[in-house]
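**Student:** mind looking at a prediction? Sequence and model below.
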Amino acid sequence: MPFTPGPMEIVVVVVVALLIFGPKKLPEMGKAIGSAITEFKKGISAPADNKPEETAAAAEAKKIEPPRPADSTTTPSEPAG
C-alpha cells in the first residue's frame, strides 16, 4: 500500500524542518534542492547527440603520429678530430 501524505503530515514535516534549520536557511535549501532537481531532469532528457562529438574529440586527442622514416641522404656528421 503506497504512502500518500495528507495535509497534516506535510504540515508536521514543514514545522520540523523549520525548527531544525531555521527560517533563514529553509528557503536557501529549497532553492538548492529545486535547482538540483532541474539539473537532474536536464541531464536525463539531454539528447544523445553530445556523445559522438565527445568520442571524436577523445579519438583526436589520442591520435598518435607515426614516426617519420629516417632520411637516407644525410649522414651523421663525424666529430672533428
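**Tutor:** Sure, I can see it. Numbers count the residues shown, from 1 in each chain.
**Student:** show me the contacts for Val14.
**Tutor:** Residues counted as contacts of Val14 (C-beta atoms under 8 Å, 6 or more residues apart in numbering): none. (Glycine included, C-beta is placed from N, CA and C.)
**Student:** so for it, what pLDDT did the model give?
**Tutor:** For Val14, the model assigns a pLDDT of 87.
**Student:** same question for Lys24.
**Tutor:** Lys24 is given a pLDDT of 88.
**Student:** do the one 3 residues further on as well
**Tutor:** Here, the pLDDT recorded for Pro27 equals 87.
**Student:** Pro67 now?
**Tutor:** 70.
**Student:** what about it, how many neighbours?
**Tutor:** 6 (other C-beta atoms under 10 Å).
**Student:** for this protein, just list every one of the helices.
**Tutor:** Remark: helices assigned in the chain by DSSP state H are 7-21, 25-45, 50-62.
**Student:** how about JSON lines for these, with distance to Ala70 added?
**Tutor:** Output for these, formatted as JSON lines (distance: least, C-beta to C-beta, whole Å):
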{"stretch": "helix 7-21", "distance to Ala70": "72"}
{"stretch": "helix 25-45", "distance to Ala70": "51"}
{"stretch": "helix 50-62", "distance to Ala70": "26"}
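**Student:** and Pro69, which of those helices is closest to it?
**Tutor:** Ranking the helices of the chain by proximity to Pro69 (C-beta to C-beta) places helix 50-62 first, at 23.0 Å.
**Student:** still on that earlier bit, and the helices of the chain, which one's lowest on average pLDDT?
**Tutor:** Among the helices of the chain, helix 50-62 carries the lowest mean pLDDT (a mean of 62).
**Student:** what about dumping the CA coordinates of stretch 36-50 to PDB?
**Tutor:** Only the C-alpha atoms of stretch 36-50 are listed here, as PDB (Å, rounded to 0.1, in the frame of the first residue of the first chain):
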ATOM      1  CA  ALA A  36      19.400  20.100  -8.300                       C
ATOM      2  CA  ILE A  37      16.200  18.500  -9.500                       C
ATOM      3  CA  THR A  38      16.100  20.800 -12.600                       C
ATOM      4  CA  GLU A  39      19.700  19.900 -13.500                       C
ATOM      5  CA  PHE A  40      18.900  16.200 -13.000                       C
ATOM      6  CA  LYS A  41      15.900  16.400 -15.300                       C
ATOM      7  CA  LYS A  42      18.100  18.200 -17.900                       C
ATOM      8  CA  GLY A  43      20.700  15.500 -17.700                       C
ATOM      9  CA  ILE A  44      18.200  12.800 -18.200                       C
ATOM     10  CA  SER A  45      16.400  14.400 -21.100                       C
ATOM     11  CA  ALA A  46      19.600  15.700 -22.900                       C
ATOM     12  CA  PRO A  47      19.900  14.300 -26.400                       C
ATOM     13  CA  ALA A  48      22.500  11.700 -27.100                       C
ATOM     14  CA  ASP A  49      24.000  13.900 -29.800                       C
ATOM     15  CA  ASN A  50      26.800  15.000 -27.500                       C
END
